[in-house]
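Engineer: the following comprises the amino acid sequence and a computationally predicted model.
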Amino acid sequence: MNDQQRLKWAFEQSPTFFNLLTTIRSRRVGRGYRIDSGTEIKHPVTGRVMKQAAGPMKFVSKKEPKPLTKVEEALLCWAACGPNGLVAWDISLDGGFHELTWIAGRTAPAPGNSRATDLLVINDSGAYIYKPSASRTKVIEIEGEADYDKVLQWYDEGLIQILDRRPDVDWALRVPGAPHATLMGPYQFNMNMPGSTWIIPLTDAAWLNSALINLFDCWHLYIIDEWNGGRPAGLEKWIGEGKLELPTTIAGEEQLIFQVEQYPTGCMVQNMRLAAEAMGLGTWVFCGFNPDVLMGATPELTRGLGFHIEAPNPKAPISTAQVKIFGIEGVKEATYVPSPRYKSAEQLVNAWYDEKYGTGGTLHRGEENYLRKQASPWKHETAEAIINDPHTRPADWVHEALVSYIDYCVQNFGQWPVTYNPMQAHFGAVIHNVDEEFYDTYYREGYINDRIRNRSKIW
């Protein structure tokens, strides 16, 4: 088969969703791996010596690692968060309509249809960010065979290389003086091995705080400082009927945003698992590692991905906020104040408004409106009515209140968000070619199906 035929098979002949659910399993042993081996090796990527204890499933793969192909990775990335037409945005104007920013859909849902999560892709040629653009051409982007090659196009155009080799992390990474405490978790001796593709949703977990516009304007919530007697956090001026009426805490609001911005990660990982199952690839869901170390927060031990890391903030009220990982300028950046991107609260709030109401935004009043220039889910008359309806915009006082709140946090705690590091990458999947011999040796029939045994006929 060629790649066009493989794409056609994936969309038209791969097993149904319900069928895949019956066989989906974690299959952690791939070609070139070892388990319970009682052996000592140098990690093929990092060169660190690793000694593995012997156990009842003693196995050393005799097969050479076999990396995933471009079309396989493209399908996995698209399944996770690839372009997927236009969202419906079917929310009443009095129901927080202006919480949503982007109209461009992806294969996984996101709160407020945020584009806060992209993919970190690590393979034998290096590390990449998969970040397709917000450009959409129609309601359903892939309608038939003529559209299948878009999966490869989005992969080519949306994949940005950030490292020309695998990062220097492995099971053997330790802090001096703590030889038994692995920094990347004890779970996977085979982590970051040749032949594997490690895909991790990478989230700017503070981006969705633009929903504060909606929380102030439609929820009528105001935020109090629980570390300073419960006083309003810079919002006294706007407390009253019709504006800010109901209090919540700084940590409460930030936990809400942090939590809901992690839901897309789970959806993306499950989509990848199902895609891997359809293609006969092995996969395991992996969260047992230290994402800060991977991103580069311990340069004295490993460069990791080399992300820009801020100095610890001594004014942070809790430890989870002391580290701020910015990311890579122009590629993947975290939202916080002060930061290289947003030096002040006003700069950030202006960016939130410009993203939606400025030139190119979905609710821009001029001709350079996304709905007019690119694509819209609505019929023309409905789109024009929505663009021009005053209820699609927040009350005038909201902008000033947002700036005041964020300024308060920065002045009192040295930063905003106050309680967490906004760059998160703690849940992903490792995908590889399975070594069937391990499962044939130790497992009952059923763990290796025909898609795995016969995948070379297609892939």
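Structural biologist: Structure received. Numbers count the residues shown, from 1 in each chain.

Engineer: how about the helices in the chain?
Structural biologist: 3-12, 17-23, 70-81, 150-158, 212-217, 250-260, 263-279, 291-295, 345-357, 370-373, 380-388, 397-413, 436-442, 450-453 (DSSP state H).

Engineer: can you add mean neighbour count and mean pLDDT and give those back as a markdown table?
Structural biologist: Glycine gets a C-beta too; all of them are placed from N, C-alpha and C. Converted to a markdown table, the helices of the chain look like this (neighbours: other Cβ atoms under 10 Å; pLDDT from 0 to 100):
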| stretch | mean neighbour count | mean pLDDT |
| --- | --- | --- |
| helix 3-12 | 16 | 97 |
| helix 17-23 | 12 | 97 |
| helix 70-81 | 24 | 98 |
| helix 150-158 | 18 | 97 |
| helix 212-217 | 22 | 93 |
| helix 250-260 | 19 | 95 |
| helix 263-279 | 22 | 97 |
| helix 291-295 | 23 | 96 |
| helix 345-357 | 18 | 96 |
| helix 370-373 | 18 | 92 |
| helix 380-388 | 13 | 94 |
| helix 397-413 | 20 | 98 |
| helix 436-442 | 16 | 98 |
| helix 450-453 | 15 | 96 |
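
Engineer: which of those sits closest to Ala181?
Structural biologist: helix 291-295 (12.2 Å; Cβ to Cβ).

Engineer: export that closest one to CSV, keeping only CA atoms.
Structural biologist: Output of helix 291-295 as CSV, limited to C-alpha atoms (Å, rounded to 0.1, in the frame of the first residue of the first chain):
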residue,chain,number,x,y,z
PRO,A,291,7.2,17.0,33.5
ASP,A,292,9.2,19.9,35.0
VAL,A,293,12.4,17.9,34.6
LEU,A,294,11.4,16.9,31.0
MET,A,295,10.7,20.5,30.1
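
Engineer: how many neighbours does Asp164 have?
Structural biologist: 8 (other Cβ atoms under 10 Å).

Engineer: residues touching it, list them.
Structural biologist: 125-126 (Cβ atoms under 8 Å, 6 or more residues apart in numbering).

Engineer: can we see that at 10 Å?
Structural biologist: 125-127 (Cβ atoms under 10 Å, 6 or more residues apart in numbering).

Engineer: any idea which of those residues has the most stuff around it?
Structural biologist: Ranking the contacts of Asp164 using other Cβ under 10 Å puts Ala127 first, with 21 neighbours.

Engineer: hang on, that residue packs against Gly296?
Structural biologist: No: between Ala127 and Gly296 there is no contact under Cβ atoms under 10 Å: 11.1 Å.

Engineer: hey, what's in contact with both of these two?
Structural biologist: Listed as contacting both Ala127 and Gly296 by Cβ under 10 Å, 6+ apart are 167, 304-306.

Engineer: still on that earlier bit, now the helices of the chain as JSON lines including distance to Ser135?
Structural biologist: Formatted as JSON lines, these follow (distance: least, Cβ to Cβ, whole Å):
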{"stretch": "helix 3-12", "distance to Ser135": "20"}
{"stretch": "helix 17-23", "distance to Ser135": "28"}
{"stretch": "helix 70-81", "distance to Ser135": "15"}
{"stretch": "helix 150-158", "distance to Ser135": "9"}
{"stretch": "helix 212-217", "distance to Ser135": "25"}
{"stretch": "helix 250-260", "distance to Ser135": "26"}
{"stretch": "helix 263-279", "distance to Ser135": "20"}
{"stretch": "helix 291-295", "distance to Ser135": "28"}
{"stretch": "helix 345-357", "distance to Ser135": "16"}
{"stretch": "helix 370-373", "distance to Ser135": "10"}
{"stretch": "helix 380-388", "distance to Ser135": "18"}
{"stretch": "helix 397-413", "distance to Ser135": "29"}
{"stretch": "helix 436-442", "distance to Ser135": "41"}
{"stretch": "helix 450-453", "distance to Ser135": "34"}
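
Engineer: and Leu119, which of those is closest to it?
Structural biologist: Nearest to Leu119, of the helices of the chain and by Cβ to Cβ, is helix 70-81 at 5.8 Å.

Engineer: how far off centre is the closest one?
Structural biologist: A distance of 14 Å separates the centroid of the chain from that of helix 70-81, by Cα atoms, centre = their mean, to the nearest Å.

Engineer: on that earlier part again, which of the contacts of Asp164 sits closest to Leu274?
Structural biologist: Ranked by distance to Leu274 (Cβ to Cβ), the contacts of Asp164 are led by Ala127 at 24.2 Å.

Engineer: spit out the contact partners of the closest one.
Structural biologist: Counting by Cβ under 10 Å, 6+ apart, Ala127 touches 120-121, 160-167, 198, 294, 304-306.

Engineer: ok, so of these, who is nearest Asn192?
Structural biologist: Closest to Asn192, out of all of the contacts of Ala127 and judged by Cβ to Cβ, is Arg166, at 5.8 Å.

Engineer: against Ile24, how distant is the closest residue to that closest one other than its chain neighbours?
Structural biologist: The shortest distance from Arg166 to any non-neighbouring residue, by Cβ to Cβ, 6 or more residues apart in numbering, is to Val45 (4.7 Å). Between Val45 and Ile24 the distance, using Cβ to Cβ, to the nearest Å, works out to 28 Å.

Engineer: phi, psi of Glu143?
Structural biologist: phi -100, psi -20 (degrees, to the nearest 10).

Engineer: wait, it sits on Asn84?
Structural biologist: No: between Glu143 and Asn84 there is no contact under Cβ under 10 Å: 11.7 Å.

Engineer: of those two, who's got more company?
Structural biologist: Per other Cβ under 10 Å, whichever of Glu143 and Asn84 has more neighbours is Asn84, with 17 against 11.

Engineer: need the per-residue pLDDT for the more buried one.
Structural biologist: Asn84 carries a pLDDT value of 94.

Engineer: show me what contacts it?
Structural biologist: Each residue near Asn84 by Cβ under 10 Å, 6+ apart is listed here: 78, 104-108, 132, 136, 140-142.

Engineer: many thanks, we can stop here.
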